[in-house]
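Asker: I need the structure of the sequence given here:
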Amino acid sequence: MVSNVGAQYCVYEDSGSLVESINRIYPLMDCILILLNYDPWCGAGNIQSSFETYKKVKDIPDPDNKIMLISQHWKTEAIQRNFGKEVLHQKGIKWTFIVDDDELFNENELKYAIEYLKTTTAGVVLVHQQIYWKSMDYCIANLSNSSPTFVLSDNSIAWFHYCRNAKVVGTWETISPEFIVSHHLSYVRTDQQLLRKIETFSHGNESRTDGLETKKIWEDWLNNIWYKWTPDMENLHPNPDGRKSFSKAIKTIDSKYQLNKPVKENIDITENKPEVNLLSYEETQFVKYKSYESQISRWYEGQRRFIKEWMLDIPKDFRILDIACGEGVGLKYFREFEYSSLYGVEFEKEKAELASKYGYPIYSIDMHDLKEFNDSFFDVVYSSHTLEHSYDPHKAVTEIRRILKPSGQFIVVLPFPDNGPGDAHCGKFKLGTDLNDGGVIVKEFFHRHGFTIADSKMDNYREPEIWLKLVKV
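Answerer: The predicted model follows:
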């Protein structure tokens, strides 16, 4: 069944309202795709600011596993938006909800819009915006022109050609502001925050046909309007050709369009993430989908084939951890190839006991918590068909990186594209292996977690797989 709506955020530096924006729409989305640009579209980048945004996103509670984060550099806003649409299209999501980190929506109005999308024949649906000014206490008296807000994910039908300007094969429609309005906090910023926005967003260095310098226009607007603003001032828009489109700022309480207060539990980011129900997780992994690799010839032969082809260049005395080693098939072949310093981790106790017969120390512990091992303990960590079963790949990979020595190797095999059941392969959505994108997203996942990609390969002996040789940096 085709999903209906997935949200797309293009983010560089959080404006301060990203978390609230996501929490307001979370219950109504099939997916929330956050495209984190580690360099801005315009101006000089600040990797620390981008990293702070990344940390903030990772701390957002995601009980339904809806949030998907991709970080790379997109040169323009249009390229970034079209990339996100294609990702959602590949996931089978019909509509892309274009929402910026400083846009807030009322849940009841968004519900109406989603129902509207089920019957429209348009390829792009526009929504009017209420622009807030200086703080949430003031807003522009008139609504702004409507902008593309719901766009068909298929780039062959609708696509962005400049900034947030879209083209469509077919028709456009606009939802009346009587039913939905975007509450846009674009100008709810300190002076310093606004200067930073001007330096980095798409319009920061655009060329003009009238010969005026964009930088000079911004300087004049800052000095004559922004810094000097009083409530009786009129014609506030930065663009000299469109000053009247921001007629004046009024008190928000006097506006026809009010932003509802968010439900407290939806936006309380001081809470810890919901605890994983480990009993349910263990029942799924160790009862419902329990299997033995040693009983399936292509699987145990495939593991020997992999070790022989990709790992025999590793020195025999290196300290190697086989994480989620199962009943010890990998350990058996490491012993055959005369490796001397092997360790195994296997959460399921019965399999851990079976693995111990190969003479290596086996730890029956959760791969998300490897406190039994000191920092920088292993030369190599080997993970074959493991991380797709992780309930929190971020936590598992962070632990694996901790126990690896500097420049240590993390050897990973994953099903790719991963068509396994979502409850068993619950980690695939965070890893990005559910998408047949050539490995772009999963490689970016490991890059964000402190690894470089030394080598990669697609293989099809056991099932479609991606092989990754990662190095800790």
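
Asker: Next, work out how far apart Ile180 and Ser17 are.
Answerer: Separation of Ile180 from Ser17 (CB to CB, to the nearest Å): 18 Å. (Glycine included, C-beta is placed from N, CA and C.)

Asker: These two: who's more crowded?
Answerer: Using other CB atoms under 10 Å as the criterion, Ile180 and Ser17 rank with Ile180 on top: 23 against 18.

Asker: ok, and the closest non-adjacent residue to that one?
Answerer: Nearest residue to Ile180 in three dimensions, chain neighbours excluded: Glu109, at 4.0 Å (CB to CB, 6 or more residues apart in numbering).

Asker: That neighbour: how many residues sit nearby?
Answerer: A count of nearby residues for Glu109, using other CB under 10 Å, gives 20.

Asker: where do the helices sit along the protein?
Answerer: Using DSSP state H, the helices of the chain run over residues 18-25, 47-58, 77-90, 107-117, 191-200, 214-221, 264-267, 278-283, 297-310, 329-336, 349-355, 393-403, 428-431, 440-448.

Asker: which residues touch the residue nearest to Ile180?
Answerer: By CB atoms under 8 Å, 6 or more residues apart in numbering, Glu109 lies in contact with Phe179, Ile180, Val181.

Asker: pLDDT below threshold where in the stretch 51-200 of the chain?
Answerer: Scanning the stretch 51-200 of the chain for pLDDT under 70 picks out 200.

Asker: Now with 90, please.
Answerer: By pLDDT under 90, the low-scoring segments of the stretch 51-200 of the chain are 51-65, 71-73, 75-76, 135, 144-146, 162-164, 186, 188-200.

Asker: Count the residues that sit near Ile25.
Answerer: Residues near Ile25, counting by other CB under 10 Å: 21.

Asker: ok, it - contacts?
Answerer: Contact analysis of Ile25 by CB under 8 Å, 6+ apart lists Ala7, Ile32, Phe97, Val99, Phe105, Glu107, Leu110.

Asker: Look up which residues are beta-bridged to the most centrally placed residue in the chain.
Answerer: Centroid-nearest residue in the chain: Leu69, 0.8 Å away (criterion: CA atoms, centre = their mean). Beta bridges link Leu69 to Ile34 when assigned by DSSP bridges.

Asker: Does it touch Asn37 like I think?
Answerer: No: taking CB atoms under 8 Å as the definition, Leu69 is not a contact partner of Asn37, at 11.8 Å.

Asker: Distance to Thr190 added to the contacts of Glu109, as a markdown table?
Answerer: Shown next, in a markdown table, are those (distance: CB to CB, whole Å):
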| residue | distance to Thr190 |
| --- | --- |
| Phe179 | 33 |
| Ile180 | 29 |
| Val181 | 25 |
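
Asker: between those, which is nearest Gly302?
Answerer: Ile180 (52.2 Å; CB to CB).

Asker: buried set for the longest strand anywhere in the chain?
Answerer: Looking across the chain with DSSP state E, the single longest strand is strand 404-415. Going by neighbour count (16 or more other CB atoms under 10 Å), the buried part of strand 404-415 is Leu404, Gly408, Gln409, Phe410, Ile411, Val412, Val413, Leu414, Pro415.

Asker: tilt between that strand and helix 440-448?
Answerer: 170 degrees (axes from the mean of the first three to the mean of the last three CA atoms, to 10 degrees).

Asker: So which elements touch strand 404-415?
Answerer: Counting contacts by 3 or more CB pairs under 8 Å, 6 or more residues apart in numbering; DSSP states H and E, strand 404-415 is packed against strand 378-384, helix 440-448, strand 465-472.

Asker: Can you list the neighbours in contact with the longest one?
Answerer: Going back to what we said before, that points to helix 440-448. Here helix 440-448 makes contact (CB under 8 Å, 6+ apart) with 54, 69-72, 87, 393, 397, 410, 412, 414, 416, 430-433, 435, 453, 456, 466, 468, 470.

Asker: Let me see the contact set for Lys134.
Answerer: Contacts of Lys134 by CB under 8 Å, 6+ apart are Tyr187, Val188, Trp229, Ala249.

Asker: Whichever of these end up buried, select them in ChimeraX.
Answerer: Paste this into ChimeraX to select the buried members of those, with burial taken from 16+ other CB under 10 Å:
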select :187,188,249
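
Asker: quick check, nearest of the contacts of Lys134 to Ala355?
Answerer: Within the contacts of Lys134, the smallest distance to Ala355 is 56.8 Å, found for Val188 (CB to CB).

Asker: Against Lys134, how distant is that closest one?
Answerer: According to CB to CB, Val188 stands 7 Å off from Lys134.

Asker: Likewise for Ile25?
Answerer: Distance, Ile25 to Lys134, using CB to CB: 25 Å.

Asker: again, but for Phe246
Answerer: As for Phe246, its distance to Lys134 is 12 Å (criterion: CB to CB).

Asker: domain ranges for the chain?
Answerer: Domain ranges of the chain: 3-192+257-267, 278-472, per automatic domain parsing.

Asker: Dump these to TSV, plus distance to Glu234.
Answerer: Below are the domains of the chain laid out as TSV (distance: least, CB to CB, whole Å):
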stretch	distance to Glu234
domain 3-192+257-267	9
domain 278-472	46
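
Asker: For Leu222, find the nearest of the ones you listed.
Answerer: Among the domains of the chain, domain 3-192+257-267 comes nearest to Leu222, with 8.2 Å by CB to CB.

Asker: and the closest one, how far from the chain's centre?
Answerer: Domain 3-192+257-267 has its C-alpha centroid displaced from the chain centroid by 13 Å (CA atoms, centre = their mean, to the nearest Å).

Asker: which residue sits closest to the residue of the chain positioned farthest from its centre, ignoring its sequence neighbours?
Answerer: Going by CA atoms, centre = their mean, the residue of the chain most distant from its centre is Asp232, 42.6 Å out. Spatial nearest neighbour of Asp232, excluding adjacent residues (CB to CB, 6+ apart): Lys248 at 7.8 Å.

Asker: Quick check: bridge partners of the one you found?
Answerer: Going by DSSP bridges, Lys248 forms beta bridges with Glu234.

Asker: Who are the contact partners of it?
Answerer: Ile140, Ala141, Pro231, Asp232, Met233, Glu234, Asn235, Leu236.

Asker: which ones are touching the second one?
Answerer: Read that as Ala141. Contacts for Ala141 were tallied using CB under 8 Å, 6+ apart; they are Ser247, Lys248, Ala249, Ile250, Ser255.
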